[in-house]
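Chemist: Kindly return the folded structure for what I paste below:
(chains A and B)
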Amino acid sequence: AQSVTQLGSHVSVSEGALVLLRCNYSSSVPPYLFWYVQYPNQGLQLLLKYTTGATLVKGINGFEAEFKKSETSFHLTKPSAHMSDAAEYFCAASWTSGSRLTFGEGTQLTVNP
Amino acid sequence: EAQVTQNPRYLITVTGKKLTVTCSQNMNHEYMSWYRQDPGLGLRQIYYSMNVEVTDKGDVPEGYKVSRKEKRNFPLILESPSPNQTSLYFCASSLGGDGGMYNNQPQHFGDGTRLSIL
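Modeler: Here you go, the predicted structure:
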């Protein structure tokens, strides 16, 4: 079955440090890919999405992600972490028609002062 | 304001007492879906609907029912709730419908409903 895997359920960085959250998908057919962020007591908000075209995708709040077909990866990065980035991040993929999404397990990002 | 609205936000109830969680969207979206979120498991799809009167099972449909009588509403029904249905539930909607051309459309999520079944 097609799946999405996020390596690391918890990631901790210092304020100002690089943020790297990992996401891999299991399929030879590239899906559409999304990163969502969830702040406490809120629903999920879209950070960015990859559909076709440019493999480096820029999103909101300074985040970006690079689609690497050869590595079946879609890692999320931000050059300099801010305290307000502390949240849970979900990678998701869509292979089928009708917008069905498969989610990864989530990564809780902690930003230390 | 474009939004997905879920009610209630919090509910504590007892085993076997039927409950309904409502979901409404004001974006004229074709596609609606229910997920449950559990620690370490991410979000898992319960049911989805590609259009009015069209619903289908997701990955974890057991113990749940849905209906889609009108485009804007997609209630989740627990006929006989059990403790293993204690979870955080999210409703979502998107432009996606039949045909696949909307595969790349992001889903819009409600703020969630935290259910505790005792």
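
Chemist: What residue, apart from its backbone neighbours, is nearest residue A:73 spatially?
Modeler: Nearest residue to residue A:73, sequence neighbours excluded (CB to CB, 6 or more residues apart in numbering or on different chains): residue A:24, at 5.1 Å. The way it works is simple: take the backbone N, C-alpha and C, and place the C-beta from them, glycine included.

Chemist: mind listing what residue B:6 touches?
Modeler: B:21-23, B:89-91, B:110-113 (CB atoms under 8 Å, 6 or more residues apart in numbering or on different chains).

Chemist: Parallel or antiparallel, list what pairs with whichever strand or helix holds residue B:90.
Modeler: Assigned by DSSP states H and E, residue B:90 belongs to strand B:87-94. Its sheet considered, strand B:87-94 pairs with strand B:31-38 (antiparallel), strand B:108-109 (antiparallel), strand B:113-117 (antiparallel) by DSSP bridges.

Chemist: Among those, which comes closest to residue A:7?
Modeler: strand B:31-38 (19.3 Å; CB to CB).

Chemist: Any regions of chain B where pLDDT drops low?
Modeler: B:96-104 (pLDDT under 70).

Chemist: hey, where'd the strands end up in it?
Modeler: Assigned by DSSP state E, chain B shows strands spanning B:4-7, B:10-13, B:19-25, B:31-38, B:42-51, B:54-57, B:65-66, B:76-78, B:87-94, B:108-109, B:113-117.

Chemist: Direction-wise, compare the strand holding residue B:90 with strand B:19-25 and give the angle.
Modeler: Counting by axes from the mean of the first three to the mean of the last three CA atoms, to 10 degrees, strand B:87-94 lies at 30 degrees to strand B:19-25.

Chemist: before we move on, the earlier item: who is the residue nearest to residue A:73 paired with across the strands?
Modeler: Beta-bridge partners, per DSSP bridges, of residue A:24: residue A:5, residue A:73.
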